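*Asks:* mind looking at a prediction? Sequence and model below.
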Amino acid sequence: MQRRRRFKQTVPLEERLAEEAKRLREKARSLPPGPQREDALRRARQAETGSHMSEWLRSPGLQPPE
């Protein structure tokens, strides 16, 4: 049986997603208006949303349902 390779992330998920969103927005600025630009902007919004959701889920104020 093959063993999975484990990789310890050094940068938190929220930071990685925010950096990816920033990179995608910069890429979109260099593209002409069209489907590729819209796709880059859509993926940037998704990364930002994922970052915010992860921050919200890790927040100490979040309580489990009773």
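*Replies:* Good, I have the coordinates. Numbers count the residues shown, from 1 in each chain.

*Asks:* centre of the chain to the lengthiest helix in the chain, how far?
*Replies:* Longest helix in the chain, counting residues (DSSP state H): helix 35-58. Centre-to-centre, helix 35-58 and its host chain are 5 Å apart (CA atoms, centre = their mean, to the nearest Å).

*Asks:* in terms of secondary structure, what does that helix contact?
*Replies:* In terms of contacts (3 or more CB pairs under 8 Å, 6 or more residues apart in numbering; DSSP states H and E), helix 35-58 is packed against helix 13-30. Bear in mind the C-beta positions are built from the backbone N, C-alpha and C, glycine included.

*Asks:* outside of the helix it packs on, which residues touch it?
*Replies:* Residues from elsewhere that reach helix 13-30 (CB atoms under 8 Å, 6 or more residues apart in numbering): 9, 37, 40-41, 43-45, 47-48, 50-51, 54-55, 58.

*Asks:* from the residues you listed, list the buried ones, please.
*Replies:* Applying 16 or more other CB atoms under 10 Å to those, the neighbour count classes 40, 41, 43, 44, 47, 48, 50, 51 as buried.

*Asks:* which non-adjacent residue is nearest the second one?
*Replies:* Here the nearest residue to residue 41 in space, its sequence neighbours aside, is residue 28; by CB to CB, 6 or more residues apart in numbering that works out to 5.0 Å.

*Asks:* per-residue pLDDT of the one you found, please?
*Replies:* Turning to residue 28, the model gives it a pLDDT of 95.

*Asks:* same question, residue 56
*Replies:* 83.

*Asks:* got it, and residue 20?
*Replies:* 95.

*Asks:* run a quick neighbour tally on it.
*Replies:* When neighbours are counted by other CB atoms under 10 Å, residue 20 registers 17.

*Asks:* could you measure residue 18 against residue 38, distance?
*Replies:* Computed with CB to CB, to the nearest Å, the distance linking residue 18 and residue 38 is 21 Å.

*Asks:* which one's more surrounded, these two?
*Replies:* Legend: neighbour count by other CB under 10 Å for residue 18 and residue 38, higher for residue 18 (17 against 12).

*Asks:* and the more buried one, how far from residue 24?
*Replies:* Taking CB to CB, one finds residue 18 at 11 Å from residue 24.
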